[in-house]
Each structure stands twice: as structure tokens, then as C-alpha cells.
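S.K.: whatever this is, show me its structure:
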Amino acid sequence: MQQLLSRPEGRQPERPAALPPLRLTRRGRIVLIGIPLVLLAALLLSLAGFFNSPAKASDSAANLETTSAVSVTVQPGQSLWGIAATVAPERDARDVVADIVQLNNLSAGTVFPGQQLFVPAA
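M.R.: Okay, the predicted model is just below:
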């Protein structure tokens, strides 16, 4: 029985056959190359946005200006356009309305009677 299990002298144990070279399909190449490239592009775009964002309003404190504003109470029938025309008739009403919206953090152009608004002083 021992003779059946023993190896003949001089014979090497069998090794598995060498694996064939790895071949990628088109989908495999897209996954292996495309996804890292997309992630790299997203990273570069986010870094470019971070470094190019306007983080400061002025180069020095001497260049900063404050906007002088006065408080106005909205009367019945008034709109932002009417208020803008009354407050600064020499300026373009669109610019004054934009200033009023920015000063008061308004999300819409609607105002209500009795509402207190800050408007740029003339």
C-alpha cells in the first residue's frame, strides 16, 4: 500500500499551469482608468474653486466702506420700486432695489405694509 502512495524517485511534484496574462475588456478598462480620472478631475475642480474664490472684500481695511442706511416703514400701496424712486431719484431704480434687497436679506421682492426696511441713504 505504501508503494502506491509514494512518488517515483526523480519526479517533481506537479505544479499548476501558469496563469494566462490578464486581459481587460472595454468595460474593465473604463472602470480601471475612467473612474480614477473622473475622481481626479472632480478633485482638481474643487481645489480650483477653493483657491479662486473671492474670500476677501478688500486688500486693506482702508479701502472698506460702510453703506449708510436709514430705516423706512413701508406704507400701504408701496413697492420696492416706489421706495427706490423716492429714496434715490438720481440713481437707477434697479440698483437701488438691489441694494435694498441686499441690506434687508430679502428672498423675494415682496414687501408688506408696516414692514421696516433699511434703505441706502442719499
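S.K.: count the residues that sit near the spatially closest residue to Leu80 that is not a sequence neighbour.
M.R.: Nearest residue to Leu80, sequence neighbours excluded (C-beta to C-beta, 6 or more residues apart in numbering): Val97, at 4.9 Å. To be clear about C-beta, it is placed using only N, CA and C from the backbone, and glycine gets the same treatment. Residues near Val97, counting by other C-beta atoms under 10 Å, number 19.
S.K.: and Val97, what does it touch?
M.R.: Leu80, Trp81, Ala84, Gly109 (C-beta atoms under 8 Å, 6 or more residues apart in numbering).
S.K.: what's downstream of the longest helix along the chain, the next helix or strand?
M.R.: Ranked by residue count under DSSP state H, the longest helix found in the chain is helix 35-52. Scanning forward in sequence from helix 35-52 by DSSP states H and E, the next helix or strand is strand 69-73.
S.K.: helices or strands up against the very next helix or strand once past that next one?
M.R.: Once the chain leaves strand 69-73, the next helix or strand it forms, by DSSP H and E, is helix 80-87. Contact partners of helix 80-87 among helices and strands, from 3 or more C-beta pairs under 8 Å, 6 or more residues apart in numbering; DSSP states H and E: helix 93-104, strand 116-120.
S.K.: so what are the sheet partners of the shortest one and their directions?
M.R.: Paired neighbours of strand 116-120 in the sheet (DSSP bridges): strand 69-73 (antiparallel).
S.K.: circling back: out of the helices and strands packed on helix 80-87, which comes closest to Ala18?
M.R.: helix 93-104 (72.2 Å; C-beta to C-beta).
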